[in-house]
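[1] below is the sequence, then the predicted model.
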Amino acid sequence: MYVKPTPEEQAKRTAKSVATRQANIAIRNAQYEDAYARRHLLKGEIEVLESKLQKLKHIDTLNELSNKVSSKTLLQEKDLVSAAKPWQSFAGVYFLVHKDRVIYVGQSVNVYARISSHTDKVFDRFTVLPCTKSNLNLVESLYIHMLQPPLNGGDGKATLAPLNLEKIMALVNNSN
């Protein structure tokens, strides 16, 4: 037999039902917010992966082109960076060589830049002797007088050196 609840019991049941419903709504809202945040995070990760995929496809296309042109693939940036040498501009005397003969002796405070500017000279190799700026004229002159390179006037005519032999000897004698 059914016993009708008292108004107090009915109020208790209603309050409990409302509290349960509100708790369930709060749980669902938290789950929704969590799912939204995860979805947003995954969308960001997908964008990053798609960008990486596009870069890889681009590299693959360039490697195919490089392989057709040179039968080699391109080096990766990390490989290029790890093989890089430190750049340092320095002063020195340089020697332009052609067919196993020094054809020109020069000097510069920025040797590599100076060598690359010799478009008027035919040479197939070079070598560099680093030295202080204050000794450039002396060292260059000594080598020009010794080697008599053809592009420094070493063809039996006047040798084109910053210092003549008398000046070199005077400098050496004064330094002792």
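    Structure's in. What do you need? As the structure is a computational prediction, the values presented were derived from the model and not from experiment. Residues are numbered from 1 along each chain as shown.
[2] from here on, contacts and neighbour counts on C-alpha atoms
    OK.
[3] poorly predicted segments of this structure, please.
    For the chain, applying pLDDT under 70 flags the ranges 154-159, 176.
[4] centre-most residue in it?
    Centroid-nearest residue in the chain: residue 81, 5.3 Å away (criterion: Cα atoms, centre = their mean).
[5] relative to residue 133, how far out is that residue?
    Distance from residue 81 to residue 133, counting by Cα to Cα, to the nearest Å: 31 Å.
[6] where along this structure do the helices fall?
    Here the chain has its helices, by DSSP state H, at 7-70, 77-83, 111-116, 136-147, 165-175.
[7] got a list of what residue 74 touches?
    Residue 74 makes contact with 62, 63, 66, according to Cα atoms under 8 Å, 6 or more residues apart in numbering.
[8] where does it fall, phi/psi-wise?
    phi -80, psi 150 (degrees, to the nearest 10).
[9] okay, the helices of the chain in CSV with distance to residue 98 next?
    As requested, the helices of the chain are exported to CSV (distance: least, Cα to Cα, whole Å):
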stretch, distance to residue 98
helix 7-70, 28
helix 77-83, 29
helix 111-116, 14
helix 136-147, 14
helix 165-175, 26
